[in-house]
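**Q** Need a 3D model of the sequence below.
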Amino acid sequence: MAKEITKEQPSEEAKDSMGNPVGYSHKRPHVPDGRGEPFPSFKEDKNRLKDNISERRKKESKSN
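**A** Predicted coordinates:
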């Protein structure tokens, strides 16, 4: 007596607001560093932002 539930498929012509086929996004996965890992990646025991600020302060103190 159970009825089979069928999922309605969108037509081939169905597009989203960006013109992509329904179910496909125009956005790439968010991987800013290009290593296939989510941001931020701190595998190298280095904090580049902190190092950059430290270097800038050293240069400023030398020039004063």
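
**Q** Which pLDDT value does the model give S61?
**A** Confidence at S61, expressed as pLDDT, is 84.

**Q** quick one: it from S54, how far?
**A** 11 Å (Cβ to Cβ, to the nearest Å). The way it works is simple: take the backbone N, C-alpha and C, and place the C-beta from them, glycine included.

**Q** More neighbours: these two, which one.
**A** S54 (11 against 8; other Cβ atoms under 10 Å).

**Q** So what's the residue count around K15?
**A** Using other Cβ under 10 Å, K15 has 13 neighbouring residues.

**Q** Backbone dihedrals for it, both of them.
**A** With angles defined as degrees, to the nearest 10, K15 sits at phi -130, psi 150.

**Q** what's the answer for S54, then?
**A** Reported as degrees, to the nearest 10, the phi and psi values for S54 are phi -60, psi -40.

**Q** which residues touch it?
**A** For S54, no contacting residues are found, by Cβ atoms under 8 Å, 6 or more residues apart in numbering.

**Q** roughly how far apart are it and K62?
**A** For S54, the distance to K62 - Cβ to Cβ - is 13 Å.
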